[in-house]
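Compute the structure for the input listed below.
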Amino acid sequence: MITVSEQAQIVLKDYFKEKEITPIRVFLQTGGCSGPSLVMALDSPKDSDDVYEVNGFTLLVDKELHRTTRDITVDYVSSGAHSGFTLTSEVAVGGGCGGGCSSCGG
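Purely as a prediction, here's the structure:
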């Protein structure tokens, strides 16, 4: 299952205000100092996807990835310079910002 917080839905509705609402893929991005992390991008459905409809939005996640992560939550955090979507899963797939990583800010 994919859950989208109320705040994330507000931001998505604002993003699509003047655009056609297209499916949003949740996928695992590899690399970076904190290892793999769940991210989102606009995409088209594939036969290998689990598809969820959440308040007018279509969210896609590869079935194999979804079996690994289990439930996924999409939230939007607004805290000054570090505002953005955060994706968490029932089974963690990435790490946090470790020491010495300049791309994590700070």
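
ok, Val39 to Ile72 distance?
11 Å (Cβ to Cβ, to the nearest Å). The way it works is simple: take the backbone N, C-alpha and C, and place the C-beta from them, glycine included.

okay, those two: which has more neighbours?
For Val39 versus Ile72, neighbours defined as other Cβ atoms under 10 Å are more numerous around Ile72 (23 against 13).

Let's see the pLDDT reported for that one.
Ile72 is assigned 95 on the pLDDT scale.

Next: the one 4 residues further on.
Reading off the confidence values, Tyr76 has pLDDT 95.

now the one helix or strand it maps to, how far from the centre of its chain.
Here Tyr76 sits within strand 72-77, counting by DSSP states H and E. Put simply, strand 72-77 sits 7 Å off its chain's centre (Cα atoms, centre = their mean, to the nearest Å).

Paired strands for it, with orientation please.
strand 2-4 (parallel), strand 84-89 (antiparallel) (DSSP bridges).

just the strands in the protein please.
2-4, 24-29, 37-42, 49-54, 57-62, 72-77, 84-89 (DSSP state E).

Could you pull out the buried residues of the shortest one?
Buried residues in strand 2-4, counted by 16 or more other Cβ atoms under 10 Å: Ile2, Val4.

cool, and the last one?
Within strand 84-89, the residues that qualify as buried by neighbour count (16+ other Cβ under 10 Å) are Phe85, Leu87, Thr88, Ser89.
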